[in-house]
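>>> sequence first, then the predicted structure:
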Amino acid sequence: MSAPSSSSAEKKPVAIITIGMAGAGKSTFVQRMNSYLHSQNEYRPPYVLNLDPAVTHVPYEANIDIRDTINYQEVMKQYNLGPNGGILTALNLFTTKFDQVLDLVEKRAGEVDHVILDTPGQIEIFTWSASGSIITDAIASSLPAVVAYVIDTPRTVAPATFMSNMLYACSILYKTKLPFILVFNKTDVQPHDFALEWMTDFEAFQAALATHGGTLDSEGEPTYMNSLMNSMSLVLDEFYKNLKAVGVSSVTGDGMKEFFEAVEASREEYTKDYLPELERARKAKEESLRAAKQDSMNRLLKDLAIDRQNPDFVRQDTWDPAEEEDDDDDEEINIIDKSSDPYPGQYVDLTRSRRQEDEKVNWPRPG
Ligand SMILES: Nc1nc2c(ncn2[C@@H]2O[C@H](COP(=O)(O)OP(=O)(O)OP(=O)(O)O)[C@@H](O)[C@H]2O)c(=O)[nH]1
């Protein structure tokens with residue numbers, strides 16, 4: 001897929017990468033985005049990708065579903081892994097085919113306004129794995145992209161939990177460098193006003209800390225935890241300036257209008273901040289590749305000049321086409337776009353197809 005230029009980025013669909021702690025409501029939120037976009041005239045229905053191999057049921061119809069390509073249970077058996085290792089390895093296997101996913105997304109890019117990604121329940125599997133980074137970078141270098149960080153609002157009312165959640169969000173923001181929306185979910189159970197207040201008013205957060213239990217030790221002095229959180233909240237002040245926060249209820253649909261307004265604002269942010277940085281990094285990489293190639297070429301030419309002085313070498317140095325290896329007989333694995341017409345045999349199970357090929361094959365174990 002070609003990289004978006006600053007001028008064409010606004011015409012491309014926005015990729016919404018949905019991330020959040022287990023149980024924060026990611027899948028329900030993806031379903032809500034899906035139904036909201038279907039119901040609005042100003043938007044076209046989205047293109048949805050499920051990247052959670054272990055989920056038993058998703059409340060939406062995904063266009064591409066990792067479970068159609070990777071049998072997560074089989075991966076666990078083959079590699080003798082537990083559930084988290086199984087999810088990570090399944091995601092790694094899927095990532096090796098992500099170029100096909102990008103091709104399918106590109107084919108649909110003209111027909112949709114949003115490409116939505118649902119990620120595995122265990123947040124760290126996506127945010128701290130090589131596959132998560134590869135997928136995020138691949139998507140973000142092809143389409144305007146935004147991270148929707150889903151927060152379980154009722155479980156974030158304690159200042160310490162709020163702070164840990166914000167620190168986690170902060171680490172993802174600085175890792176991906178993408179436009180970032182904090183999605184305070186489940187506002188039907190707990191409104192998110194307290195969070196907005198803590199993010200904008202440092203003293204309000206301090207006051208909440210002071211009134212929360214366990215903040216003073218037996219001598220009436222602030223506990224270590226309390227002092228730490230006080231200092232942290234000062235550091236986070238800078239982080240809060242770099243993001244948008246909206247409250248939604250994935251159950252009632254409250255706040256979805258505001259969420260999509262934040263997505264549109266993020267598209268502009270992507271074009272203004274992320275894209276120039278991406279183009280700069282790409283140029284630097286091309287330049288270093290070009291320099292490395294030139295260096296190899298110079299060394300090759302130097303070696304050839306020496307070898308050509310040896311008549312025995314010149315006699316042996318003939319090219320025999322029969323010795324060429326045929327690399328084209330690799331088995332083709334296809335990612336499935338379920339919104340295209342299916343045809344018999346289209347389903348390919350990456351795990352099973354490998355096993356049938358050679359029962360004795362030992363797959364490389366993750367390092
Ligand atoms: N009241 C309320 N419940 C919600 C909301 N969003 C999600 N839930 C509930 O929260 C629970 C978890 O939701 P999921 O969508 O499965 O969360 P998830 O983050 O995808 O979960 P994992 O993939 O297991 O990490 C479910 O019981 C949902 O019904 C909401 O806006 N309001």
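Now that the structure is in, tell me what you want to look at.

>>> what helix or strand is residue 68 on?
According to DSSP states H and E, residue 68 maps onto helix 66-69.

>>> and the next helix or strand past that helix?
Heading C-terminal from helix 66-69 (DSSP H and E), you reach helix 72-79.

>>> tell me the first helix or strand C-terminal of that next one.
Downstream of helix 72-79, the first helix or strand assigned by DSSP H and E is helix 83-95.

>>> report the angle between that next one and helix 72-79.
100 degrees (axes from the mean of the first three to the mean of the last three Cα atoms, to 10 degrees).

>>> contacting residues around the helix or strand just after helix 83-95?
Remark: after helix 83-95, the chain's next helix or strand is helix 98-108, criterion DSSP H and E. Identification of contacts with helix 98-108 by Cβ atoms under 8 Å, 6 or more residues apart in numbering yields 1, 47, 49, 63-64, 115, 134-135, 138-139, 142-143, 334-335, 337, 339. (C-beta placed from N, C-alpha, C; glycine too.)

>>> just checking: what are the partner strands of the very next helix or strand once past helix 98-108?
Using DSSP H and E, the helix or strand that follows helix 98-108 in sequence is strand 114-118. Partners of strand 114-118 in the sheet, by DSSP bridges, are strand 14-20 (parallel), strand 47-50 (parallel).

>>> using PDB, list the CA coordinates for strand 114-118.
Extracted in PDB, the C-alpha atoms of strand 114-118 (Å, rounded to 0.1, in the frame of the first residue of the first chain):
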ATOM      1  CA  HIS A 114     -12.900   4.000   8.900                       C
ATOM      2  CA  VAL A 115     -10.800   0.800   9.300                       C
ATOM      3  CA  ILE A 116     -11.300  -0.500  12.900                       C
ATOM      4  CA  LEU A 117      -8.900  -2.900  14.600                       C
ATOM      5  CA  ASP A 118      -9.900  -4.900  17.700                       C
END
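
>>> any bit of that strand sitting next to the ligand?
No: shown here: strand 114-118 not in contact with the ligand (Cβ under 6 Å from any ligand atom), separated by at least 7.1 Å.

>>> what lies in contact with that strand?
When contacts are defined by Cβ under 8 Å, 6+ apart, strand 114-118 is touched by residues 13-18, 26-27, 30, 33-34, 37, 43, 46-52, 58, 62, 105, 108-109, 135, 139, 143, 263.

>>> go on, stretch 230-243?
The contact list for stretch 230-243 (Cβ under 8 Å, 6+ apart) reads 163, 166-167, 169-170, 173, 180-182, 198-200, 202, 205-206, 209, 222.

>>> please pick the buried ones from the residues you listed.
Applying 16 or more other Cβ atoms under 10 Å to the contacts of stretch 230-243, the neighbour count classes 163, 166, 169-170, 173, 180-182, 198-199, 205-206, 209 as buried.

>>> and residue 63, how many residues sit next to it?
The number of residues packed near residue 63 is 22, by other Cβ atoms under 10 Å.

>>> next to the ligand, which bits of the stretch 51-200 of the chain? Give me the list.
52, 55, 121, 185, 186, 188, 189.

>>> list the helices and strands the helix holding residue 68 packs on?
With contacts taken as 3 or more Cβ pairs under 8 Å, 6 or more residues apart in numbering; DSSP states H and E, helix 66-69 sits against helix 83-95.

>>> any idea how far the closest residue to residue 338 other than its chain neighbours is from the ligand?
Leaving out its chain neighbours, the residue that sits closest to residue 338 by Cβ to Cβ, 6 or more residues apart in numbering is residue 63, at 5.9 Å. According to Cβ to the nearest ligand atom, to the nearest Å, residue 63 stands 18 Å off from the ligand.

>>> any idea how far residue 63 lies from residue 245?
Per Cβ to Cβ, to the nearest Å, residue 63 is found 29 Å from residue 245.

>>> and what of residue 308?
Here the distance between residue 308 and residue 245 works out to 68 Å (Cβ to Cβ).

>>> and for residue 87?
Using Cβ to Cβ, residue 87 is found at 29 Å from residue 245.

>>> point out where this protein drops to low pLDDT.
Along the chain, the model assigns pLDDT under 70 to residues 1-10, 213-222, 317-333, 339-367.

>>> hmm, who's touching whichever strand or helix holds residue 205?
Element membership for residue 205 (DSSP H and E) is helix 202-211. For helix 202-211, contacts defined as Cβ under 8 Å, 6+ apart pick out 159, 194, 197, 198, 215, 226, 229, 230, 233, 234, 237.

>>> CSV please, covering these and showing secondary structure.
Shown next, in CSV, are the contacts of helix 202-211 (DSSP: H, G, I helix; E, B strand; the rest coil):
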residue, secondary structure
159, helix
194, helix
197, helix
198, helix
215, coil
226, helix
229, helix
230, helix
233, helix
234, helix
237, helix
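
>>> give me the neighbour count for the residue of the stretch 251-367 of the chain found nearest the ligand.
Across the stretch 251-367 of the chain, the shortest distance to the ligand (Cβ to the nearest ligand atom) belongs to residue 251, at 3.9 Å. By the criterion of other Cβ under 10 Å, residue 251 has 15 neighbours.

>>> just the one 10 residues further on next, same as before
Burial of residue 261 is recorded as 12 neighbouring residues (other Cβ under 10 Å).

>>> from residue 255, how far out is it?
10 Å.

>>> and residue 60, by the same measure?
Going from residue 60 to residue 255 by Cβ to Cβ gives 18 Å.

>>> ditto for residue 304
Going from residue 304 to residue 255 by Cβ to Cβ gives 67 Å.

>>> just to revisit the earlier point, dump the residue contacts of the residue of the stretch 251-367 of the chain closest to the ligand.
Residues counted as contacts of residue 251 (Cβ under 8 Å, 6+ apart) are 28, 32, 186, 188.

>>> switch the cut-off to 6 Å
Applying Cβ atoms under 6 Å, 6 or more residues apart in numbering, we find residue 251 in contact with residue 188.
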